[in-house]
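K.L.:
Here's my sequence, what's the structure:
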Amino acid sequence: MRRALAAVVLGGALLATAACGSAADPAAAPATSAAAPDYSANTKQVCGALEEVLAGKTLEAETTKAVTDAVKGKTTEAQIDKATVDAMKKVFAKWADGIAAEAAKAEDPKLKAGIQAFATALKAQAATMKTIDDADKLMDGSEIEKAGAEIDKFCA
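P.N.:
Below you'll find the predicted structure:
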């Protein structure tokens, strides 16, 4: 049980730092066309909301509850580990859905695509989890890192 709770805490810590970085502010770039749409207000709003989702403020509590509920009645380490991984997959998939919901609100097509790519990559990476230790590597997927860098161009 301690191993499962350690995975929850570690997973929460890893997720809280997802898609954070320091990139140049796209608003500081010179305009290339007078007719280009101004997405700045929407981008600021979406980035603020996305930051809240990515911060995973409720993620650790949700993960802890999901894992605690999943391991009830499990008696062997193998049963506990499997139940923990299954619960974490569900929580990460729900988190990815929350990220994708923010993509739907973005007016800038590049920001929308970046957020959606991040959510899709996160969900795909979470689906590959087979062990509790895989949670450590969850945010290290190249597609997740690439999409996170794209989001950082807008939201850093």
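
K.L.:
Any idea how many residues pack against Glu51?
P.N.:
13 (other C-beta atoms under 10 Å). (C-beta placed from N, C-alpha, C; glycine too.)

K.L.:
list the helices and strands the helix or strand harbouring it packs on?
P.N.:
Secondary structure from DSSP states H and E places Glu51 in helix 40-55. Helix 40-55 sits against helix 2-16, helix 77-105, helix 109-127, helix 142-155, with contacts defined as 3 or more C-beta pairs under 8 Å, 6 or more residues apart in numbering; DSSP states H and E.

K.L.:
List the neighbours of stretch 89-101 that are in contact with it.
P.N.:
If you take C-beta atoms under 8 Å, 6 or more residues apart in numbering as the criterion, stretch 89-101 is touched by 15, 50, 53-54, 56, 59, 62-63, 66, 115-116, 118-120, 122-123, 126-127, 129, 138.

K.L.:
returning to that earlier point: tell me which of the helices and strands packed on helix 40-55 lies nearest to Val46.
P.N.:
helix 77-105 (5.3 Å; C-beta to C-beta).

K.L.:
How about the backbone phi and psi for the closest residue in space to Val85 that isn't next to it in sequence?
P.N.:
Closest residue to Val85 apart from its sequence neighbours, by C-beta to C-beta, 6 or more residues apart in numbering: Met129 at 5.5 Å. Main-chain torsions, Met129, degrees, to the nearest 10: phi -60, psi 130.

K.L.:
related to what we said a few turns ago, buried ones in the helix holding Glu51?
P.N.:
Using 16 or more other C-beta atoms under 10 Å as the test for burial, helix 40-55 gives Thr43, Val46, Cys47, Leu50, Val53, Leu54.

K.L.:
distance between that helix and the chain's centre?
P.N.:
Computed by C-alpha atoms, centre = their mean, to the nearest Å, the chain-centroid distance of helix 40-55 equals 13 Å.

K.L.:
For the residue lying closest to Leu111 once chain neighbours are set aside, which residues are in contact?
P.N.:
Distances taken as C-beta to C-beta, 6+ apart place Phe154 nearest to Leu111, at 4.7 Å, with adjacent residues excluded. Applying C-beta under 8 Å, 6+ apart to Phe154 gives the contacts Pro26, Thr43, Cys47, Asp108, Lys110, Leu111, Gly114.
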